[in-house]
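> next input, structure requested:
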Amino acid sequence: MKKTILKISLIILLSVSTNYAYSFNNSYYRLIEDRLTEQTTEKEHIEEVFSNSNLIKSEEEKIYFLGCDFEHSEENKQEINNRLNKSDFFRNYKNELKKYHLTANNFSKLYYRNNNDSLENNSDSSDQCNKYSNINIILLDNNELMIPYKNQLFFFHRLSNEDEKKLNDLNNNGKCVDIPQKEIMESVEVCYYQHMSILDVYDAMSTNPAYIFREKIGIGENRSVTYEDEVVDVEYKWKGKNKLEILQHFEGGETSYIFKHKKNGTKLTTIHSAD
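A predicted model of the protein is given here:
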């Protein structure tokens, strides 16, 4: 499951246009984990699905989440209320709304999956998105995003301006390609980031928890750490000032990130190997 979520996150952050003239200026949201409690139903599942990827709100007023597009419905508050009523939202989430002191007056916008897109597109991503076809994403008047899921409400806060700039710079300067492999259990992706140092790329990627780049690192600082919550051992190995290898050892395999800085930017090779 972890590999699936990680691949989704890679698609979200690294699938960029080959046309560098296009500039990303997206907004990014992340799960507010402090609002999860020990009583949260299927807490471990929720954390695995929602914690390891950002929601991206694009300039086109779409939200990209778990590899799926959620479209903005041009509705006023009454129309939002009517649409949610049809899905029994207010009945199913009555206690949750009361818990957080929320009413329809707190809802600013509604985003939903367009099922017609799934019917027209028979790709694997559409199959993945069908799992979330009944999800609505609600923008609250305090600029948080709220997702009703399994009769619970989950909230997402917007990242800081600094972190959003890092992610948008990563997308604006990056170009990625998948390298075909003979081994079925291995995948390789190569990305090129113009005008960015190794630390620039690392810091930007560290804003997405799926990469598990938690350490604040400097050039030449080698270390080994273990994250028990992710069941992973991580090694940081510098080979001179212009090459960094990060090896993540999971129970089910290994992920390697190889950063090489050259004159015009940084090349990143990502290798996923399953046992």
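> tell me which stretches of the stretch 51-200 of the chain form strands.
Under the criterion DSSP state E, counting those that start in this stretch, the stretch 51-200 of the chain contains strands at 55-57, 62-65, 68-73, 107-112, 136-140, 145-149, 152-158, 174-179, 186-194.
> just for the protein, where's the confidence low?
Filtered on pLDDT under 70, the chain yields the residue ranges 1-23, 38-49, 52-53, 74, 115-128, 132, 183.
> turn the strands of the stretch 51-200 of the chain into JSON lines, columns for distance to S87 and mean neighbour count.
Every C-beta, even on glycine, is put in place using the N, C-alpha and C of the backbone. Listed next are the strands of the stretch 51-200 of the chain as JSON lines, based on distance: least, C-beta to C-beta, whole Å; neighbours: other C-beta atoms under 10 Å:
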{"stretch": "strand 55-57", "distance to S87": "20", "mean neighbour count": "21"}
{"stretch": "strand 62-65", "distance to S87": "18", "mean neighbour count": "21"}
{"stretch": "strand 68-73", "distance to S87": "13", "mean neighbour count": "18"}
{"stretch": "strand 107-112", "distance to S87": "10", "mean neighbour count": "19"}
{"stretch": "strand 136-140", "distance to S87": "7", "mean neighbour count": "20"}
{"stretch": "strand 145-149", "distance to S87": "9", "mean neighbour count": "21"}
{"stretch": "strand 152-158", "distance to S87": "14", "mean neighbour count": "18"}
{"stretch": "strand 174-179", "distance to S87": "37", "mean neighbour count": "15"}
{"stretch": "strand 186-194", "distance to S87": "37", "mean neighbour count": "17"}
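> could the ones you listed go into JSON lines alongside distance to H261?
Shown next, in JSON lines, are the strands of the stretch 51-200 of the chain (distance: least, C-beta to C-beta, whole Å):
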{"stretch": "strand 55-57", "distance to H261": "27"}
{"stretch": "strand 62-65", "distance to H261": "29"}
{"stretch": "strand 68-73", "distance to H261": "34"}
{"stretch": "strand 107-112", "distance to H261": "39"}
{"stretch": "strand 136-140", "distance to H261": "38"}
{"stretch": "strand 145-149", "distance to H261": "36"}
{"stretch": "strand 152-158", "distance to H261": "31"}
{"stretch": "strand 174-179", "distance to H261": "14"}
{"stretch": "strand 186-194", "distance to H261": "10"}
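> for those, which one sits closest to Q248?
strand 186-194 (14.3 Å; C-beta to C-beta).
> tell me the strands beside the closest one, with direction?
strand 174-179 (antiparallel), strand 265-274 (antiparallel) (DSSP bridges).
> export it as PDB, just CAs?
Provided in PDB are the C-alpha atoms of strand 186-194 (Å, rounded to 0.1, in the frame of the first residue of the first chain):
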ATOM      1  CA  GLU A 186      11.600  -2.200 -10.400                       C
ATOM      2  CA  SER A 187      10.800   1.300 -11.700                       C
ATOM      3  CA  VAL A 188      13.100   4.100 -12.600                       C
ATOM      4  CA  GLU A 189      12.300   7.800 -13.100                       C
ATOM      5  CA  VAL A 190      14.800  10.500 -14.100                       C
ATOM      6  CA  CYS A 191      14.100  14.100 -13.500                       C
ATOM      7  CA  TYR A 192      16.000  17.200 -14.500                       C
ATOM      8  CA  TYR A 193      15.600  20.500 -12.500                       C
ATOM      9  CA  GLN A 194      17.100  23.500 -14.200                       C
END
